[in-house]
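Asker: make a model of this:
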Amino acid sequence: VQLQASGGGLVQPGGSLRLSCAASGSMFPIDRMGWYRQAPGKQRDLIAAITSDGTTNYGDSVKGRFTISRDSVKRTVWLQMNSLKPEDASVYYCNVIMRRSYGLENYWGQGTLVTVSS
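Answerer: As a prediction, the model looks like this:
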C-alpha cells in the first residue's frame, strides 16, 4: 500500500492550502481516511478524519477552518485548510485504515510540510 500525499507549502497567515492523498497498491476496503500533524518534539495529533460512510470528525483547533473530503472510487482524501494560522505549521501525515482479513491496519503517508508565515 502506498499513500502519496501532496499540497504542502508556504502560505501567509489567513491563507489557504489544499492537501491531497491517494492510496494505491491495494484494493482492501478503506475504513477511514484522515490527516494528522506533528510538530517537532510533539505527538502526532488527529486533525480530521472521514469514515467509509462519510462521517467526519475534526480536532478542536481546526473546526470551522478545515474541511476533509474523499473520493471513494479514486481512494483519495483531501484536506482544505482555510484561515491558516502560524500554529497550523507542521508536518501533515495522511492516514488510511484498511480492513484486512485479520482486522484493521494503519497505513501512513510520507508527510507533507505546511509552513504558515508572513
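Asker: so what secondary structure elements neighbour the lengthiest strand in the chain?
Answerer: With secondary structure taken from DSSP state E, the chain has its longest strand at strand 90-100. Judged by 3 or more C-beta pairs under 8 Å, 6 or more residues apart in numbering; DSSP states H and E, the packing partners of strand 90-100 are strand 2-6, strand 17-24, strand 30-38, strand 76-81, strand 103-108, strand 112-116. In short, each C-beta sits where N, CA and C put it, glycine included.
Asker: run the angle between that strand and strand 76-81 for me.
Answerer: 150 degrees (axes from the mean of the first three to the mean of the last three C-alpha atoms, to 10 degrees).
Asker: my guess is residue 117 contacts residue 88. True?
Answerer: No: the pair residue 117 / residue 88 is not scored as a contact, 10.8 Å apart, by C-beta atoms under 8 Å.
Asker: who has more neighbours out of those two?
Answerer: Each of residue 117 and residue 88 has its neighbours counted (other C-beta atoms under 10 Å); residue 88 has more, 22 against 10.
Asker: and the nearest residue to that one once chain neighbours are set aside, what are its bridge partners?
Answerer: Spatial nearest neighbour of residue 88, chain neighbours left out: residue 116 (5.3 Å); criterion: C-beta to C-beta, 6 or more residues apart in numbering. Counting by DSSP bridges, residue 116 forms beta bridges with residue 11.
Asker: check contacts around residue 116.
Answerer: By C-beta atoms under 8 Å, 6 or more residues apart in numbering, residue 116 lies in contact with 10-13, 15, 84-89.
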